[in-house]
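J.: Below is the sequence, then the predicted model.
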Amino acid sequence: MSAQPPKKLPKVDFNLLSSAESRLTGYQKIDDNTVLYRRFVPMDQWRKASLMQIFDFTTYQMSTLVENRGGNTGEYTTNMTVTPFSEIENKQGIRDAHQALVEQGGTPPALDQVLSLGMRLEKDLPVRGTPVTFKPKGSD
């Protein structure tokens with residue numbers, strides 16, 4: 001499989017106040033290792049959902065936040081899940097988030113390191129026949 005050229009990814013400027021939701025759809029750098037992707041999903045003519053995915057290249061996790069609002073009663077619900085990169089089956093979302101973060105001046109670890117580390121940590125790594133265990137900080 002040949003490498004795909006980088007695609008132009010949408011950048012969000014949340015400082016711009018506008019009623020146009022399309023201006024709030026895209027990527028925003030949170031810090032040097034974290035980027036947020038946001039988009040709106042119409043449910044019907046009264047309700048809409050906001051999908052936010054936060055890619056954290058320090059913890060190698062993606063947090064997904066879905067907010068539903070609208071309807072006849074103006075209801076509001078929210079749901080959040082956290083998924084390790086190693087459990088994300090299609091890695092294209094991680095690649096796109098990494099590219100967007102770098103384009104916005106972030107300094108995440110190299111993409112090949114991110115993808116290979118996530119894959120290596122899916123299972124215990126044997127060391128001389130025993131699995132690797134990590135000690136909590138401060139315990140020697």
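T.: Sure thing, it's come through.
J.: looking at the sheet around Tyr37, what are its partners?
T.: Going by DSSP bridges, Tyr37 is paired in beta bridges with Tyr27, Gln53.
J.: hmm, I was thinking of Leu65
T.: Met52, Met80.
J.: Do you know the pLDDT at it?
T.: Predicted confidence (pLDDT) for Leu65: 93.
J.: Buried residues in whatever helix or strand Ala97 lives in, which are they?
T.: Assessed by DSSP states H and E, Ala97 sits inside helix 92-103. The neighbour-count check on helix 92-103 (16 or more other Cβ atoms under 10 Å) flags 94-102 as buried. Placement of C-beta: from N, CA and C, glycine included.
J.: And stretch 63-70, by the same measure?
T.: For stretch 63-70, the buried set under the neighbour-count rule, 16+ other Cβ under 10 Å, comprises 63, 65, 68, 70.
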